[in-house]
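Undergrad: Requesting a structural model of the entry that follows:
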Amino acid sequence: MNSSLMSGVRAGATWSIVLSLLMIVTGFVAIAAPMVAGVAITAIVGWLLVLSGAMHLLFGWRGGRPAAIVWEILLGIVYALIGVYLLGHPMAGLASLTLAIAVFLSMEGVLELILSFRLRPGRGSSWLLLDGIITLVLAVMIWSTWPSSAVWVIGTLIGVSMLFSGFTRLMLSIEVRRITAAHAHTA
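TA: The predicted structure is shown next:
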């Protein structure tokens, strides 16, 4: 590899390390203040729904047939109204999103259990079984304490995800820097 490409890769890895550290700090903040993080996520989802509703309304006329146009306009109105509701009532939105996560985790856990038994005695099926059990335990924890779990679920899950993504990205970026440094010394 030429040296300008290697220096570009190394610079990219440096910026990736900075981003990784920001993700790790943000993950810790979200875990420390899960309700604030949850409300922020609810606001983001609300704005995305408003934007999606606006896009449906804006491009609804491209539906061609009158029924398609009406459908797009109705979808746009529903998306926008739900988004505005989430923005105006963030705690209710947070509770709704938490309930949706509990439903999703319940379905995922059951499907993973079924798949683990269908794949038995194949290699790796025990990992699916473990994943299914852990996912169901988490779903039961959320269900059994809902709606009070809304205060911590989304913020904590997002925080943990950001924390692990940040650490993973950090380790990969450090490895890229190590490889580029080793290549620079051998070239």
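Undergrad: isn't residue 108 right next to residue 135, touching?
TA: Yes - between residue 108 and residue 135 there is a contact under C-beta atoms under 8 Å: 5.4 Å. Yep, even glycine has a C-beta here, placed from its N, CA and C like the rest.
Undergrad: The lowest-mean-pLDDT helix or strand in the chain packs against which elements?
TA: In the chain, no helix or strand scores lower on mean pLDDT, DSSP states H and E than helix 153-186, which sits at a mean of 80. Helix 153-186 is packed against helix 3-32, helix 34-59, helix 90-119, with contacts defined by 3 or more C-beta pairs under 8 Å, 6 or more residues apart in numbering; DSSP states H and E.
Undergrad: residues in contact with residue 61?
TA: The contact partners of residue 61, taken as C-beta atoms under 8 Å, 6 or more residues apart in numbering, are 69, 72.
Undergrad: and it, what pLDDT?
TA: Looking at residue 61, its pLDDT stands at 73.
Undergrad: ok, back up a step: of all the helices and strands packed on helix 153-186, which lies closest to residue 181?
TA: helix 3-32 (7.5 Å; C-beta to C-beta).
Undergrad: about what we covered before: so which of residue 108 and residue 135 has more stuff around it?
TA: residue 135 (20 against 16; other C-beta atoms under 10 Å).
Undergrad: what's the nearest residue to the more buried one if we skip its chain neighbours?
TA: residue 109 (3.7 Å; C-beta to C-beta, 6 or more residues apart in numbering).
Undergrad: How much space separates that neighbour from residue 21?
TA: Residue 109 sits at a distance of 33 Å from residue 21 (criterion: C-beta to C-beta, to the nearest Å).
Undergrad: Those two - which one has more neighbours?
TA: residue 109 (20 against 14).
Undergrad: and the more buried one, what does it touch?
TA: Residue 109 neighbours (C-beta under 8 Å, 6+ apart): 132-136, 138-139.
Undergrad: Let me know the secondary structure of residue 121.
TA: coil (DSSP: H, G, I helix; E, B strand; the rest coil).
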